[in-house]
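**Q** The following block contains a protein sequence and its predicted model.
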Amino acid sequence: GENVEQHPSTLSVQEGDSAVIKCTYSDSASNYFPWYKQELGKRPQLIIDIRSNVGEKKDQRIAVTLNKTAKHFSLHITETQPEDSAVYFCAASTQAGKSTFGDGTTLTVKP
Amino acid sequence: GAVVSQHPSWVICKSGTSVKIECRSLDFQATTMFWYRQFPKQSLMLMATSNEGSKATYEQGVEKDKFLINHASLTLSTLTVTSAHPEDSSFYICSAPSGQGRNEQFFGPGTRLTVL
């Protein structure tokens, strides 16, 4: 089955700095890579996603890159703000919609 | 966007009892739904894939006789935790794919289960 590894497990940055979270996956059949932000006790919230036919996607302060050959994908948050503090999960999904999640990264943005 | 609801949002039960959790797609049909379990400070782990009109597909290590899944209609899947024990206490989340060839998942708000 699919195996997704996510690093780092915790990340602390100063407000205004950038944050980068990296994930690797193992199943070449995975073709959809969403990133979720989850606040305590709530459902995961999709913040950005990328499909296997695209190498990079950007939405304001958030960007995701995908390297299919290396099976790597990364989340980049620029100009971080305290409200960006949360747990972030990457996931790899097949066409059928079945998703495997990374272990999560706890991001803390210090004012 | 599409909305998925779950009921109840939280439940406390005694050890040995059974608990049913409902997952509904409110404004779209879902032939497939996914059930996840999330322990504190851990990731979402897929438990099973719920298929409308057929048996659920369980992930390795998930006991199908303990976690009963019924996908009775195109908008409703239920997860029943049978003979619950304290170690079953967790956050249970369902999701449904958006369909139309897209991979995006719509998550329910989750159900917090506490077994005493």
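**A** Yep, it's here. On a predicted model such as this, the values are computed, not experimentally measured, just so you know.
**Q** where exactly do the strands run in chain A?
**A** A:4-7, A:10-14, A:19-25, A:32-38, A:45-51, A:56-59, A:62-67, A:72-77, A:86-93, A:99-101, A:105-110 (DSSP state E).
**Q** Nearest to chain B, out of the ones you listed?
**A** Between chain B and the strands of chain A, the tightest spacing by Cβ to the nearest Cβ is seen for strand A:32-38, at 3.6 Å. (Glycine included, C-beta is placed from N, CA and C.)
**Q** Output the below-cut-off pLDDT ranges for chain A.
**A** Low-confidence segments of chain A (pLDDT under 70): none present.
**Q** Pull up the residues of it that are close to chain B.
**A** A:1, A:31-32, A:34, A:41-44, A:46, A:49, A:51, A:89, A:93-104 (Cβ under 8 Å from any Cβ of the partner chain).
**Q** what does chain B have sitting close to chain A?
**A** B:32, B:34, B:42-46, B:49, B:60, B:91, B:93, B:95, B:97, B:103-105, B:107-110, B:112.
**Q** Drop anything exposed from the residues you listed.
**A** B:32, B:34, B:43-46, B:49, B:91, B:93, B:95, B:97, B:103-105, B:107-108, B:110 (16 or more other Cβ atoms under 10 Å in any protein chain shown).
**Q** how about the strands in chain B?
**A** Going by DSSP E, chain B shows strands at B:4-7, B:10-13, B:19-25, B:32-38, B:45-51, B:57-58, B:67-73, B:76-81, B:90-99, B:102-107, B:111-115.
**Q** And the ones you listed, which one averages the lowest pLDDT?
**A** Mean pLDDT across the strands of chain B is lowest at strand B:102-107; the value there is a mean of 84.
**Q** on that earlier part again, for the strands of chain B, which one sits closest to residue A:55?
**A** If you check each of the strands of chain B against residue A:55 by Cβ to Cβ, strand B:102-107 wins as the nearest, at 17.3 Å.
**Q** neighbouring contacts of that closest one?
**A** A:31-32, A:34, A:43-44, A:46, A:49, A:51, A:93-95, A:97, A:99, B:1-4, B:25, B:34, B:93-98 (Cβ atoms under 8 Å, 6 or more residues apart in numbering or on different chains).
**Q** just the angle between it and strand B:90-99, please?
**A** Relative orientation of strand B:102-107 versus strand B:90-99 (axes from the mean of the first three to the mean of the last three Cα atoms, to 10 degrees): 150 degrees.
**Q** In chain B, which residue is most central in space?
**A** Nearest to the mean C-alpha position of chain B, by Cα atoms, centre = their mean, lies residue B:35 at 3.6 Å.
**Q** Distance check, it against chain A.
**A** 12 Å (Cβ to the nearest Cβ, to the nearest Å).
**Q** Residue B:6 touches residue B:22, doesn't it?
**A** Yes - shown here, residue B:6 and residue B:22 form a contact pair, counting by Cβ atoms under 8 Å, at 6.6 Å.
**Q** who touches residue B:20 in this structure?
**A** B:78-81.
**Q** try 10 Å this time
**A** B:7-8, B:11, B:68, B:70, B:78-82 (Cβ atoms under 10 Å, 6 or more residues apart in numbering or on different chains).
**Q** Would you mind measuring from it to residue B:67?
**A** Residue B:20 sits 11 Å away from residue B:67, going by Cβ to Cβ, to the nearest Å.
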